[in-house]
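Q: sharing a model prediction with you, sequence too.
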Amino acid sequence: MLRKCAKPLSGWVCLMLAGIVLMFQSSAVLAQQASAEPADDAYARSIVEKADQVRFPAEGFQVDIVINTSQVERSPEQRKYRVLSKGNENTVVMVTEPASERGQIILMKGRDLWVFMPEVSQPVRISLAQRLTGQVANGDLARANFAGDYNPKVLRNEAIDGENYVVLELSAVDRSVTYQKVLYWVNQKNSWPFRAEFYSLSNRLLKKASYQDFKTLAGKLRPTRLVMEDALRSGEKSVLEYSEMKLRDLPDRVFTKEYLKKL
């Protein structure tokens, strides 16, 4: 509250003093906001990084994935993959079933993807957002680096079935990543991912995912089942089952085009 000026002071002096006081008050508020924003960003990023480490090891590892897809008016479809990954930036995805597609390999280096097919001499460039099978995009298998691909911010806290979750909005760092926006629920107590919603560039909800059946894989409790549901077509979903995960010392040469020709 500004006190009234004493009578001897002229009106313009009063206004000047009032302006100076307001200027200092505004500067203090802006300083508080500036100091709070980096802290909030760091907190949000730490949550996403911890959840990334729950889903997959930061070290080199191998995991087998079975994907069962249900679609309206179509027969159920099953596909199997073996994934080799190292440090979130290098991944090889090998098709193991169906037998007719065995030998197809996806190589990821950073956010660059190529598919190698036995009948084609040269690798074909593909995108992270391109559909792999059912509700699963290439990036869902080849690149699971939310911390590296998105700028996170905390939207709110939410209680679900007696558990407290941090709800984050993840905004894509550029258009090359798998989704342009993700809403992400992470357990506040143990950093377990709970569910996610994936959005397009036009902010349209594309699909929903839930992380289920936490079991010990590669020495840590991780989700072994990921259910991805189409948000536009009811009844269409893909269920990813993770098994046989183990840590592996994978040399860098494994993640090169030349090496994949030997597989």
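A: Perfect, thanks for sending it.

Q: mind listing what the residue nearest to residue 61 when sequence neighbours are not counted touches?
A: Leaving aside its chain neighbours, residue 61 sits nearest to residue 247 (5.2 Å; criterion: CB to CB, 6 or more residues apart in numbering). All C-beta spots, glycine's among them, are computed from the backbone N, C-alpha and C. Contacts for residue 247 (CB atoms under 8 Å, 6 or more residues apart in numbering) come out as 57, 59-61, 218-219.

Q: if you set the cut-off to 7 Å instead, what comes out?
A: 57, 59-61, 218 (CB atoms under 7 Å, 6 or more residues apart in numbering).

Q: repeat for residue 116
A: Listed by CB under 7 Å, 6+ apart, the contact set of residue 116 reads 104-105, 107, 123, 260.

Q: any quick ChimeraX command for the buried ones out of the contacts of residue 247?
A: This is how ChimeraX selects the buried members of the contacts of residue 247, with burial counted by 16 or more other CB atoms under 10 Å:
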select :57,60,61,218
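
Q: which of the contacts of residue 247 lies closest to residue 157?
A: Taking CB to CB as the measure, residue 157 sits nearest to residue 57 out of the contacts of residue 247, at 28.2 Å.

Q: residue contacts, that closest one?
A: Neighbours of residue 57 in contact, by CB under 7 Å, 6+ apart: 218, 247.

Q: circling back to that earlier point, how near is the residue nearest to residue 61 to residue 171?
A: According to CB to CB, to the nearest Å, residue 247 and residue 171 sit 32 Å apart.

Q: what's the answer for residue 103, then?
A: 38 Å.

Q: just the strands in the stretch 101-250 of the chain please.
A: 105-109, 112-116, 124-126, 131-133, 136-137, 150-160, 163-172, 181-187, 193-199, 205-217, 220-230, 237-247 (DSSP state E, counting those that start in this stretch).

Q: including mean pLDDT and distance to residue 76, could those strands go into a markdown table?
A: Shown next, in a markdown table, are the strands of the stretch 101-250 of the chain (pLDDT from 0 to 100; distance: least, CB to CB, whole Å):
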| stretch | mean pLDDT | distance to residue 76 |
| --- | --- | --- |
| strand 105-109 | 94 | 23 |
| strand 112-116 | 93 | 24 |
| strand 124-126 | 92 | 25 |
| strand 131-133 | 93 | 12 |
| strand 136-137 | 94 | 14 |
| strand 150-160 | 97 | 30 |
| strand 163-172 | 97 | 31 |
| strand 181-187 | 98 | 27 |
| strand 193-199 | 98 | 23 |
| strand 205-217 | 97 | 18 |
| strand 220-230 | 97 | 14 |
| strand 237-247 | 97 | 10 |
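
Q: including distance to residue 43, could these go into a markdown table?
A: Output for these, formatted as a markdown table (distance: least, CB to CB, whole Å):
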| stretch | distance to residue 43 |
| --- | --- |
| strand 105-109 | 29 |
| strand 112-116 | 31 |
| strand 124-126 | 35 |
| strand 131-133 | 33 |
| strand 136-137 | 29 |
| strand 150-160 | 7 |
| strand 163-172 | 9 |
| strand 181-187 | 12 |
| strand 193-199 | 17 |
| strand 205-217 | 21 |
| strand 220-230 | 23 |
| strand 237-247 | 29 |
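
Q: got the buried residues for stretch 221-237?
A: Per 16+ other CB under 10 Å, stretch 221-237 contains these buried residues: 222-224, 226-230, 236-237.

Q: which pair in the residues you listed has the greatest spatial separation?
A: Of all the pairs that those form, the one spanning the most space (CB to CB) is 222 and 236, at 25.8 Å.

Q: thinking again about what came up before, biggest separation within the contacts of residue 247, which pair?
A: Most distant of these, by CB to CB, are 60 and 218, 10.5 Å apart.

Q: now residue 125. Nearest residue, chain neighbours left out?
A: residue 114 is the one closest to residue 125 (CB to CB, 6+ apart), at 5.8 Å.

Q: what's that neighbour in contact with, if anything?
A: 107, 123-126.

Q: does residue 58 belong to a helix, a strand or coil?
A: coil (DSSP: H, G, I helix; E, B strand; the rest coil).
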